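Enquirer: Test case, fold it:
(one chain, ligands or ions: 2)
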Amino acid sequence: MPKTLHVAAAVVTNDQGNVLIARRPATVDQGGLWEFPGGKLAPYETARQALVRELHEEVGIEVVSATPLIRIHHQYPEKNVLLDIWSVDQFDGEAYGKEGQAVRWVSPDELSQYSFPEANKPILKALGLPDHYLVTGDADNEDDWLSKLQKALESGISLVQMRCHELDEAEFIARAEKALKLTREANARLLLNAEPGLLDKVGADGIHLTSERLSYYSQRPVPSDKLLSCACHNIAELNISAALQADMVTLSPVEPTASHPGVEALGWQKFSEMIEKLSVPAYALGGLGRADIRRARGLGGQGVAGIRAFWPQL
Ligand SMILES: Nc1nc2c([nH]c(=O)n2[C@@H]2O[C@H](COP(=O)(O)OP(=O)(O)OP(=O)(O)O)[C@@H](O)[C@H]2O)c(=O)[nH]1
Ligand SMILES: [Mg+2]
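Expert: Ligands and ions are numbered 1, 2, ... in the order given. Take a look at the predicted model:
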């Protein structure tokens, strides 16, 4: 097995919300493809130190603050890379191609129009996902449920998992259609906690598979233009989710929860270790709230998912 190249690279965002990309010179490995500026760690460097040096050397900016975004282990035919991707939204200086390479600021929506190395796929997915993910909770009746959803959307929620196990299929579909109307108006995305076939009946944005359903499939059960979210509690389930090419996972319970009494919590250390080799954006779930988002991201997670934290308690 060849040695793994450890690379630090950054998603640099400017005040307009645009992201900096650079074109690899035609003559180097993966030449002509676009990339996030960065490079290999020198033997004496930490990832953060390498990041600061590379951004100075390649695009002439000085990093003011950087937070970990995602770590990706990828095997190219001729080498293994570990991409240590950081998010940089405070920096000094004007970015330019210091090594003569083309650089561009592009809006996150436009990123998919550029060709990136294969290893970058999870970064592009992660950039399209928010740092908090609502799982819907209880309500007295459907009107109450819809008004809670509306309130959550008004508070800035942009990713919703509709979890309504008490409804039969016809009721679920009817409510999902109403929910979809609200999420569309709010520019948010709606995932159904249901079996994937339901996507043919409700034009939602994707499916969330319970950990039990995960084992039913040997390949991705939803089309590539829809989102697949998977519930995981252990390494085996994380591996299945990666094999199914999930767009995101929830990993739980990170802390003890009232909804699952007696289930032992993983704790943050375990959360971080379990997602270390996972190239799928992972949300920490279980007993967490908005205040934990920073911590989850700092440990390499995408953010926090939750019912209690994000579902209005009227
Ligand atoms: N910088 C960067 N490297 C990436 C990305 N995606 C990706 O697969 N890589 C791979 O990670 C490695 C990074 O090496 P690099 O060529 O940038 O290294 P470097 O800046 O230290 O270059 P040097 O060897 O000329 O000093 C390459 O094999 C590259 O293909 C990305 O988005 N940014
Ligand atoms: Mg480089």
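Enquirer: List the residues that contact the closest residue to ligand 1 within the stretch 151-300 of the chain.
Expert: With C-beta to the nearest ligand atom, the shortest gap between the stretch 151-300 of the chain and ligand 1 falls at residue 279, namely 11.8 Å. For the C-beta atoms, the positions are set from N, CA and C on the backbone; glycine is no exception. Neighbouring residues of residue 279 by C-beta atoms under 8 Å, 6 or more residues apart in numbering: 70, 72, 73, 74, 122, 242.
Enquirer: just the CA coordinates of the worst-scoring helix or strand of the chain on mean pLDDT, formatted as PDB?
Expert: Using mean pLDDT, DSSP states H and E, the weakest-scoring helix or strand in the chain turns out to be helix 121-127, at a mean of 87. Coordinates of each C-alpha in helix 121-127 appear next as PDB, following Å, rounded to 0.1, in the frame of the first residue of the first chain:
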ATOM      1  CA  LYS A 121     -17.000  15.000  -4.200                       C
ATOM      2  CA  PRO A 122     -17.700  14.800  -0.500                       C
ATOM      3  CA  ILE A 123     -16.500  18.400  -0.100                       C
ATOM      4  CA  LEU A 124     -18.900  19.600  -2.700                       C
ATOM      5  CA  LYS A 125     -21.700  17.700  -1.000                       C
ATOM      6  CA  ALA A 126     -20.800  19.100   2.400                       C
ATOM      7  CA  LEU A 127     -20.800  22.600   1.100                       C
END
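Enquirer: Is ligand 1 within reach of it?
Expert: No - applying C-beta under 6 Å from any ligand atom, one finds helix 121-127 separated from ligand 1 by no less than 6.9 Å.
Enquirer: Now do that helix: which elements does it pack against?
Expert: The contact analysis (3 or more C-beta pairs under 8 Å, 6 or more residues apart in numbering; DSSP states H and E) places helix 121-127 against strand 62-75.
Enquirer: how about low-confidence regions in the stretch 1-150 of the chain?
Expert: Across the stretch 1-150 of the chain, residues meeting the criterion (pLDDT under 70) sit at 1.
Enquirer: rerun that using 90 as the cut-off
Expert: 1-3, 25-31, 67-75, 78, 89, 108-109, 112, 121-128 (pLDDT under 90).
Enquirer: Which parts of it are strands?
Expert: 4-12, 19-23, 34-35, 38-40, 62-75, 80-92, 103-106, 132-135 (DSSP state E, counting those that start in this stretch).
Enquirer: Not counting its neighbours along the chain, what's nearest the residue of the chain found nearest ligand 1?
Expert: The nearest approach of the chain to ligand 1 comes at residue 39, 2.3 Å away (C-beta to the nearest ligand atom). Using C-beta to C-beta, 6 or more residues apart in numbering and skipping residues adjacent in sequence, the residue nearest residue 39 is residue 54, 4.3 Å away.
Enquirer: separation between that neighbour and residue 9?
Expert: As judged by C-beta to C-beta, to the nearest Å, residue 54 and residue 9 stand 8 Å apart.
Enquirer: now swap in residue 56 and tell me
Expert: In this view, residue 56 and residue 9 are 14 Å apart by C-beta to C-beta.
Enquirer: Compare those two (neighbour count), which wins?
Expert: The neighbour comparison of residue 56 against residue 9 (other C-beta atoms under 10 Å) goes to residue 9, with 25 against 15.
Enquirer: Surely the more buried one is in contact with residue 40?
Expert: No - applying C-beta atoms under 8 Å as the test, residue 9 and residue 40 come out as separate, 10.1 Å apart.
Enquirer: still on that earlier bit, report the buried residues of the least confident helix or strand of the chain.
Expert: Residues of helix 121-127 classed as buried: 122, 123, 125, 126, 127 (neighbour count, 16 or more other C-beta atoms under 10 Å).
Enquirer: Stretch 85-97 too?
Expert: 85, 86, 87, 88, 91, 95, 97.
Enquirer: swap in stretch 21-35?
Expert: 21, 22, 23, 24, 33, 34, 35.
Enquirer: and ligand 1, which of those residues contact it?
Expert: Within those, those near ligand 1 by C-beta under 6 Å from any ligand atom are residue 35.
Enquirer: could you say which helix or strand contains the closest residue to residue 278 other than its chain neighbours?
Expert: Nearest non-adjacent residue to residue 278, counting by C-beta to C-beta, 6+ apart: residue 238, 5.4 Å away. Secondary structure from DSSP states H and E places residue 238 in helix 235-243.
Enquirer: Alright, I will stop here.
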